[in-house]
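Peer 1: Sequence first, then the predicted structure, then my questions.
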Protein chains: 2
Amino acid sequence: MRYRILKQEGRAKRAELETVHGTVQTPLFMNVGTVAAIKGAVATSDLEQIKTQVELSNTYHLHVRPGDKIIRQLGGLHKFMSWDRPILTDSGGFQVFSLAGLRKIKEEGVYFRSHIDGRKIFMGPEESMQIQSNLGSTIAMAFDECAPSRADRSYVQASVDRTARWLERCKKEMARLNSLEDTINREQLLFGINQGAIYPDIRIEHAKRISEMELDGYAVGGLAVGETHEEMYHILDQVVPFLPKDKPAYLMGVGTPANILEGVERGIDFFDCVYPTRNGRHGHLYTNQGKINLFNAKYELDDRPIEEGCGCPACRRYSRAYIRHLLKAKEMLGMRLCVLHNLYFYNTMMEEIRDALDEGRFAEYKKRKLTGINPLDQ
Amino acid sequence: MRYRILKQEGRAKRAELETVHGTVQTPLFMNVGTVAAIKGAVATSDLEQIKTQVELSNTYHLHVRPGDKIIRQLGGLHKFMSWDRPILTDSGGFQVFSLAGLRKIKEEGVYFRSHIDGRKIFMGPEESMQIQSNLGSTIAMAFDECAPSRADRSYVQASVDRTARWLERCKKEMARLNSLEDTINREQLLFGINQGAIYPDIRIEHAKRISEMELDGYAVGGLAVGETHEEMYHILDQVVPFLPKDKPAYLMGVGTPANILEGVERGIDFFDCVYPTRNGRHGHLYTNQGKINLFNAKYELDDRPIEEGCGCPACRRYSRAYIRHLLKAKEMLGMRLCVLHNLYFYNTMMEEIRDALDEGRFAEYKKRKLTGINPLDQ
């Protein structure tokens, strides 16, 4: 088995996943590099310093620029961005539904316009798999519709049924692509995505249906898009038990440190979110005493690192006062240092979670960690 | 002697300068970090990877933000930006004359408005020395007026006379500051600045006058501000012989690789210029086969590094195609990698110049290097 559960505590799983690009330890947080680069001038050479296990890039963005065929000609995404560890590519579905203009959803796929140059694009399950195969990522995500969390029941039911039909087509196309001799990564994994907005019965029905398909992993999608945290936790409580326990589970686009702790408790292995990068670029920094905003005047003469004892490249060398100055002067270096710190904070928290699970003290760790998080930031 | 000439070839000098922050080898190129950071998200930890010897920061910019008194309270500029090698601060003179609004020049100094918040500021020789003493840089520059290169003769003569009087005041104030017990760097060096626009006789007269003042070094200022390269070389031919040979010579704000080769030939030790950083941010890259513009479509599928064999952090790992993609996608990482390459190119050229001088083959090196430079870029 590629996926091995090493330890369990309640529903929480401590596992590892073997891939053609190395073995990763879960639970883990993927670091988001939408267009094959982490925002904030963070290079793959930096990721090796901040405990990153999996980099996440975006099928839609790379398809429109520079183009997946160009990346394929250059030897695939790993070579393109100089990163030899695992990469997960999302399917483009979410971006088509959130970014692109004038979209039209049909049984065959989605017609839309590029947000870069307005040109017409069609993407269906086969196209998404072909693009991800051209990129040669370690894990490809199924092409799905991410329906609005407040959509009405009949819309969501029809959407989920179509997403299930699309998943069959994704699986078939991925098998075909992996069988071709000149495919960049012939061991590309495919994760399916559970949808159903905030209707637990629709989600459970869909989870059962896709669980029978023997995919390499399963994601819960369409959360953290407008519903409350309590609704999200409730859905995880209900749905995760219907996903195969012997496959990795991925909670897409989530979230805050508190969300991640709650997700791990409910059996999630993989997380990803733009919060650490986006917050970093705005000078909002994660610490074990809560989030701090470096633009605050009280840091003007503060010669301490962002967090005492932190081993990130920013804290090992620079003070709050210096980084605050850089942010105020709009020097890119300020954003870079903040993003490095935040990603290191997230990646270190995942390491702590794994250690706690290894030692059977996750519940205690979670409780303690949450006391450091301002309720408003949870 | 702090400054030792190790080798000479014609007027070209190969020397070293001992400072309280370590010994530097000249000729050298200072890497410009105007507001205590090199533009392009380059940190002091990066400078150690790209052969930087001296970092240059700006008195005017740091005075208006974050404030030199704040930096002093934080232990000085070296501690603030975490850089323990030499720092040169320019005096603020040039920026007051090029950036600030509504300036009024009087015998006592210059009244002007901040380009950040419009507040009224006065800066004279004493204020400039006090600010640079608060920053605690290794080398302070004298406060001067940088008259427009096309100013008429009578204006330039009056300006140069005032600049000479200001220099006396700078020297006196620096001696006073260095004698105070709580001064951050009590061995701060002071370089004087030769002015005189494009009038060789005014420049020579001024050079003779300031040479008698026994300063730690001498700069030629007010060049590369509108005159032709030939005019600049002509002025160096005429003026440098009247500066003390046993002191370092600094050609301010210059220039292209060709300018630097010509400057070294004429006896210059120190250079600084924003070209490598500014060009890097625009995707214009220095190579030994000439400058290249990575936005050019021909690099779309080019999997070679910017320059084959280059040891910079960009070339060691990333391709032209990848960096071009980053620049086109406006990812900060693209600018960062280009700036790192360009600074490494400049710093490496200086190393080659020193090696050539050491081995008595500078003339030959210069000739060969210039053949790799497009005449339009010289």
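Peer 2: Alright, I've got the coordinates.
Peer 1: Tell me the residues of the stretch 201-350 of chain A that contact chain B?
Peer 2: A:300-301, A:303, A:313, A:317-319, A:321-322, A:325-326, A:328-329, A:331-337 (Cβ under 8 Å from any Cβ of the partner chain). No exception for glycine: its C-beta is placed from N, CA and C like everyone else's.
Peer 1: Residue A:244: neighbour count?
Peer 2: By the other Cβ atoms under 10 Å in any protein chain shown criterion, the neighbourhood of residue A:244 contains 17 residues.
Peer 1: swap in the one 5 residues further on?
Peer 2: Residues contacting residue A:249 under the criterion other Cβ under 10 Å number 27.
Peer 1: Write out the residues of the stretch 1-150 of chain A neighbouring chain B.
Peer 2: A:35-45, A:65-66, A:70, A:73-75, A:79-82.
Peer 1: 10 Å - rerun?
Peer 2: Proximity of the stretch 1-150 of chain A to chain B (Cβ under 10 Å from any Cβ of the partner chain) is limited to residues A:33-46, A:61-62, A:65-67, A:70-71, A:73-75, A:79-83, A:116.
Peer 1: hang on, residue A:363 packs against residue A:369?
Peer 2: No - assessed by Cβ atoms under 10 Å, residue A:363 is found out of contact with residue A:369, at 11.0 Å.
Peer 1: So if I had to pick from those two, which one is more boxed in?
Peer 2: residue A:369 (18 against 13).
Peer 1: So that one belongs to a helix, correct?
Peer 2: Yes - the assignment for residue A:369 is a helix, going by DSSP: H, G, I helix; E, B strand; the rest coil.
Peer 1: Give the ChimeraX command for selecting the buried subset of the residues of the stretch 201-350 of chain A next to chain B.
Peer 2: The following ChimeraX line selects those of those that are buried, judged by 16 or more other Cβ atoms under 10 Å in any protein chain shown:
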select /A:300,313,317,318,319,321,322,325,326,328,329,331,332,333,334,335,336,337
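Peer 1: Could you tell me the per-residue confidence at the residue in chain A sticking out farthest from the centre?
Peer 2: When distances are taken from the C-alpha mean of chain A, residue A:301 lies farthest, 36.4 Å away, according to Cα atoms, centre = their mean. On the pLDDT scale, residue A:301 is placed at 98.
Peer 1: gap between it and residue A:284?
Peer 2: 20 Å (Cβ to Cβ, to the nearest Å).
Peer 1: Same question for residue A:185.
Peer 2: 36 Å.
Peer 1: Check the stretch 1-150 of chain A for the residue nearest chain B and tell me.
Peer 2: residue A:41 (3.9 Å; Cβ to the nearest Cβ).
Peer 1: In this structure that residue contacts residue B:40, no?
Peer 2: Yes - Residue A:41 lies in contact with residue B:40 (Cβ under 10 Å); the separation is 7.9 Å.
Peer 1: Quick check: neighbours shared by those two?
Peer 2: A:332-333, A:336, B:332-337, B:339 (Cβ atoms under 10 Å, 6 or more residues apart in numbering or on different chains).
Peer 1: and for residue A:363 and residue A:369, which residues touch both?
Peer 2: In contact with both residue A:363 and residue A:369: residue A:356, using Cβ under 10 Å, 6+ apart.
Peer 1: burial measure for residue A:371, as a count.
Peer 2: 7.
Peer 1: Tell me where the model's unsure across chain A.
Peer 2: Along chain A, segments meeting pLDDT under 70 span A:1, A:100-101, A:376, A:378.
Peer 1: Kindly report the domain assignment for it.
Peer 2: By the record's domain assignment, chain A is partitioned as A:2-273, A:280-377 (automatic domain parsing).
Peer 1: what about the longest one, how long is it end to end?
Peer 2: Using Cα to Cα, to the nearest Å, the span of domain A:2-273 from its first residue to its last is 25 Å.
Peer 1: in chain A, which residue is closest to the centre?
Peer 2: Geometric middle of chain A (Cα atoms, centre = their mean) lands on residue A:272, at 2.5 Å.
Peer 1: which residues touch that one?
Peer 2: A:28-32, A:54-56, A:88, A:90, A:219, A:250-255.
Peer 1: picking up where we left off before, would you list the domains of chain A in JSON lines and tack on distance to residue B:124?
Peer 2: Shown next, in JSON lines, are the domains of chain A (distance: least, Cβ to Cβ, whole Å):
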{"stretch": "domain A:2-273", "distance to residue B:124": "39"}
{"stretch": "domain A:280-377", "distance to residue B:124": "25"}
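Peer 1: For the helix or strand encompassing residue A:230, buried residues please.
Peer 2: Per DSSP states H and E, residue A:230 falls inside helix A:229-239. Across helix A:229-239, burial judged by 16+ other Cβ under 10 Å covers A:229, A:232-233, A:235-236, A:239.
Peer 1: and which of these is nearest residue A:124?
Peer 2: residue A:239 (25.7 Å; Cβ to Cβ).
Peer 1: ok, for that closest one, nearest residue in space, not its chain neighbours?
Peer 2: residue A:203 (4.8 Å; Cβ to Cβ, 6 or more residues apart in numbering or on different chains).
Peer 1: Next: residue A:87.
Peer 2: Per Cβ to Cβ, 6+ apart, closest to residue A:87 is residue A:137, 4.5 Å.
Peer 1: rewinding a little: sort out for me which of the residues of the stretch 201-350 of chain A next to chain B are in helices.
Peer 2: Among those, the members falling in helices (DSSP state H) are A:321-322, A:325-326, A:328, A:332-337.
Peer 1: Contact partners for the residue farthest from the centre of chain A?
Peer 2: Contacts of residue A:301 (Cβ under 10 Å, 6+ apart): A:319-321, A:324, B:66, B:70, B:73-74.
Peer 1: Show me which of the residues you listed are buried.
Peer 2: For these, buried by 16+ other Cβ under 10 Å: A:319-321, A:324, B:66, B:70, B:74.
Peer 1: Format the residues you listed as CSV; extra columns: distance to residue B:174.
Peer 2: Below are the buried ones among the contacts of residue A:301 laid out as CSV (distance: Cβ to Cβ, whole Å):
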residue, distance to residue B:174
A:319, 28
A:320, 32
A:321, 27
A:324, 30
B:66, 23
B:70, 22
B:74, 22
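Peer 1: any idea which helix or strand comes after the host helix or strand of residue A:126?
Peer 2: Take DSSP H and E as the rule and residue A:126 turns out to sit in helix A:125-135. Later in the chain than helix A:125-135, the nearest helix or strand by DSSP H and E is strand A:139-141.
Peer 1: buried residues in the next helix or strand after that following strand?
Peer 2: Taking DSSP H and E as the definition, the helix or strand that follows strand A:139-141 towards the C-terminus is helix A:153-179. Neighbour counts over helix A:153-179 (16+ other Cβ under 10 Å) mark A:156-157, A:159-160, A:162-164, A:166-167, A:169-171, A:173-174, A:177-178 as buried.
Peer 1: How about stretch A:58-66?
Peer 2: Buried-residue list, stretch A:58-66, by 16+ other Cβ under 10 Å: A:58-64, A:66.
Peer 1: Which members of those occur in helices, if any?
Peer 2: A:59-64.
Peer 1: Columns distance to residue B:128 on top of those, output as CSV?
Peer 2: Converted to CSV, those look like this (distance: Cβ to Cβ, whole Å):
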residue, distance to residue B:128
A:59, 56
A:60, 54
A:61, 49
A:62, 51
A:63, 55
A:64, 52
